[in-house]
Structures are given as structure tokens and as C-alpha cells.
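With the sequence up front, the predicted model follows.
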Amino acid sequence: MNQGIFGFPPTLSGAILSTTEIDVSGSYRISPGTNRLIIFAVGGGGGGGAGGKQASGVAQSGGAAGSGGSQIYQDFNVEDLGGVNTTLSIAIGAGGLAGATAGDTTTGGSGGAGGTTTITPTGKIGTLIHCPGGGGGEGGQGGRTAAAGAVRQGWFYQVTTSHIIGGNSVASTGTPGSTAILSVNSHGGAGGAGIIAATPAAIGGGVIYFSTGSSNSSIGNIEYGRGFTIIGTASNTVAIVNPKIHILGKMSPGIGGHGGGSGLTGATNGADGYRGSGAGGGGSTLNTFTSGAGGTGGNGYVCIVAIS
């Protein structure tokens, strides 16, 4: 065996051989020379709820946000997966459906749950990774808060993971719940704005922003600073489009969708999620006008880094 100069090996081990981003179901073959795989996987994000519609003088909430899909980040020895040339079967969970716009004096449609992302070594009976999708946001309600989509746990090797819920929407104040990014687990959407009873007025939708907390002063995405609001606030006439960026590079989920703004003569839709993140809720409006639909949850996603 060649030990190089003074007993040191001539080359360094552990080099990155490839990085593979996977957005659609398919397969991944472990190439010869690979000793380890670092795998990130996330289920589909939940869809956002639509804003409700009520008569003037009735408090109503906007649609609540979808929750992000459960996620896994783990380093595996290739031998534990069946060795080189083993094929991993990958199923990508679909993003949850958007909540449908409301008819007069009705609640908004609720968003659908995201699908499950799984990874299974071909020819084996066990599932390696199982990441359920996030729950869908509740549609806008007359007189009460609309609840954000439920959090679901993922697992690998029987170890479970969890994450942070997205934004709701409060009827009494019309306030949409914004989502602060505290970590890679903060990938829920933001809530849609409602209409308050006493003095109805247009309200901006919930936003996605990086935390201002002193304990979260180091933000992994170098494009954004602490307390930075991504893009801005949706009005009742101008919706926000998800910029499709990751919270922390390729080995993390995308950011959630912004909430839609509410108004007296119309509202805007919640933004879609991206790569496992939850969608935003739609804004509410008054009867005879069109409320905002929820956004569609981001499809699940897998990223695999092969290490020599």
C-alpha cells in the first residue's frame, strides 16, 4: 500500500464526488468510489387556506398558511445502504392543493396536505427515509382565527423529527400571522389578512422574514441579514411571488409562501411554497367581490451529496 511521504497518504479522502438535486420521483444509483452519502429530504408543503367572505361589519380571518413538510438531514455509510451500485428508489411528495376562493358569506376553502417523500433501497423491504407532507392551512373564518396547517413528523432509523408551524390569521384584528425564519425548520407559509368588523379596511398579508432575535443573529443564507423581510408585503391588489430560495443552501427546504392581502373590493392570493415549504393563505374581502385563494404547497425535494 502506498503511504506517500513520511507515512501520509498521497491524497485526501472524503472529497465530494457529486451533488444531485431531485425534484421528481425517480431513482439514484450509488456510484463506485462512494463511501458516504449525505441525504437531505423533505415532504411536500401544505397548501394555504383561502380568505373568507362576509358582509361588512362581520369580523373575518384570512386563510391560514400551510405547514412545511417534515425533513431529514443525515450522513449514511454506503455499506449500510447495500453498497455501491445499489439503486435508491425516490418518491417525491406533491405539494398540497390550494384552498379555493369563497362564495358570499362563507369560509374560505382549506388547503390540502402535502404528500410524503420516501427513499427506499431497491430490492430491500425496509423504507430508509419517510417524510410526510405538511398540513394544509384552514380557510378564512367568520368571527374566529383560522389555524395554520398541522406539523407532521418524519423518521429514519426510527428517529423522528419535527418543525415549526406556519402563520395563522386572526379575525378580531384582521392580522395575518407572519413567519420568522429561526432555523431550517422554519419553512411554513404566512397567513392571509382578514377584515375587522368595526372599521373595515385593507390589510397587508403576512410576510416571511429572518428572525430579529438576539439568539438568532447568525443567518445561514448570506444574501439576507437578521430581521430582513423577503420581498415585502402583499396588498389587496399586488400579490407576492415566492422568490424560490432555500433557507440554507441546497441541503435545506425553500422558504414558505407569503400571505395575501385583504381589501373591501377584492383580495390577493397566497404565494406558493417551494421545495417542501408551506404556502401562504389568501386574503379576505367583502361579499360580491373575489377573495384570495391559498397558494399551492411546494413539492417535496431530495438532495444527495456523494462523498469518496
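Sure, I can see it. Quick caveat, the model's predicted, so the values are computed rather than measured.

Next one: the closest residue to residue 43 other than its chain neighbours, what pLDDT does it get?
Distance criterion C-beta to C-beta, 6 or more residues apart in numbering; nearest residue to residue 43, sequence neighbours excluded, is residue 69 at 3.0 Å. Using the backbone N, CA and C atoms, a C-beta is placed for each residue, glycine as well. For residue 69, the pLDDT comes out at 94.

again, but for residue 162
Residue-level pLDDT assigned to residue 162 equals 63.

And for residue 219?
Confidence at residue 219, expressed as pLDDT, is 59.

same question, residue 172
Per the predicted model, pLDDT is 84 at residue 172.

The closest residue to it other than its chain neighbours: how many residues sit nearby?
Leaving out its chain neighbours, the residue that sits closest to residue 172 by C-beta to C-beta, 6+ apart is residue 59, at 5.5 Å. By other C-beta atoms under 10 Å, the residues close to residue 59 number 21.

thought residue 59 was touching residue 175?
No - between residue 59 and residue 175 no contact is recorded; they are 11.2 Å apart, counting by C-beta atoms under 8 Å.

neighbouring strands for whatever helix or strand residue 118 lives in, and are they parallel or not?
According to DSSP states H and E, residue 118 maps onto strand 117-121. Paired neighbours of strand 117-121 in the sheet (DSSP bridges): strand 87-91 (antiparallel), strand 129-131 (antiparallel).

follow-up on the earlier one: phi, psi of the residue nearest to residue 172?
Taking degrees, to the nearest 10, you get phi -70, psi 140 for the backbone angles of residue 59.

Residue 81 now?
Dihedral pair for residue 81: phi -100, psi 0, per degrees, to the nearest 10.

Now do it against residue 167, distance only.
Plainly put, residue 81 is 38 Å away from residue 167 if you go by C-beta to C-beta, to the nearest Å.

can you confirm residue 304 is in a strand?
Yes - assessed with DSSP: H, G, I helix; E, B strand; the rest coil, residue 304 lies in a strand.

Low-confidence stretches in the stretch 101-250 of the chain?
154-163, 212-221 (pLDDT under 70).

Swap in 90 and give it another go.
For the stretch 101-250 of the chain, the stretches with pLDDT under 90 are 102, 123-128, 142-143, 149-174, 177, 179-186, 196-202, 208-232, 236, 248-249.
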